[in-house]
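Asker: sequence? don't have it. structure:
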């Protein structure tokens, strides 16, 4: 079933062979997973450069700034990056890199010493501070990155 962005109380979605199913409308999170680069170029040597070539790009679809304090980015295994005090400006992106580095307004660093995102398939979850899923993005065995 496809995701729908609607403003009414009920959305109608196609569910297989032309069948229409009513589903409750959900407000989409303004901050969404835009792209995941899960297979850094070259061999997986574990160097900080290679680790930082593995990243998740979040994008704020709204025009207003959004606080990400307490928001989490997690994989299927449970590896979790938690935002501290951080605000993402409207219509801007932030990249969360796996390795170490100095955080800026557009680049944050997880500080891991090995890879998080599986090249053979994984799911990135964006979780509100409450733990509720704001967005998710999954991929399989092919390619190096996924636009979500």
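Answerer: Ah, there it is. From a predicted model like this one, the values you see are computed outputs, not experimental measurements. Numbering: from 1, shown residues only.
Asker: which neighbours does the helix or strand residue 58 falls within have in its sheet, and in what orientation?
Answerer: Here residue 58, judged by DSSP states H and E, is contained in strand 55-60. Take DSSP bridges as the rule and strand 55-60 pairs in its sheet with strand 31-37 (antiparallel), strand 93-97 (antiparallel).
Asker: among the ones you listed, which is nearest residue 82?
Answerer: With C-beta to C-beta as the criterion, residue 82 lies closest to strand 93-97 of those, at 10.6 Å. Heads up, the C-betas are built off the backbone N, CA and C, glycines and all.
Asker: and the strand holding residue 58, how far from the chain's centre?
Answerer: For strand 55-60, the distance from its own C-alpha centre to the chain's C-alpha centre is 6 Å (C-alpha atoms, centre = their mean, to the nearest Å).
Asker: what is the mean pLDDT for that strand?
Answerer: Per-residue pLDDT over strand 55-60 has a mean of 98.
Asker: residues contacting the most centrally placed residue in the chain?
Answerer: The centre of the chain sits closest to residue 33, judged by C-alpha atoms, centre = their mean, with a distance of 3.3 Å. Shown in contact with residue 33 (C-beta atoms under 8 Å, 6 or more residues apart in numbering): 56, 57, 58, 124, 126, 135, 136, 137, 148.
Asker: hang on, isn't the fourth one packed against residue 34?
Answerer: Translated: residue 124. No: the criterion here is C-beta atoms under 8 Å, and residue 124 misses it with residue 34 at 10.7 Å.
Asker: does residue 46 really touch residue 114, like I thought?
Answerer: Yes: between residue 46 and residue 114 there is a contact at 5.8 Å, judged by C-beta under 8 Å.
Asker: How far off centre is stretch 54-67?
Answerer: With C-alpha atoms, centre = their mean, you get 9 Å for stretch 54-67.
Asker: One more: stretch 51-60?
Answerer: Centre-to-centre, stretch 51-60 and its host chain are 8 Å apart (C-alpha atoms, centre = their mean).
Asker: measure that stretch end to end?
Answerer: End-to-end distance of stretch 51-60 (C-alpha to C-alpha, to the nearest Å): 24 Å.
Asker: Over to stretch 138-148?
Answerer: OK, stretch 138-148 end separation, C-alpha to C-alpha: 8 Å.
Asker: Quick check: buried residues in that stretch?
Answerer: For stretch 138-148, the neighbour count (16 or more other C-beta atoms under 10 Å) marks 139, 145, 146, 148 as buried.
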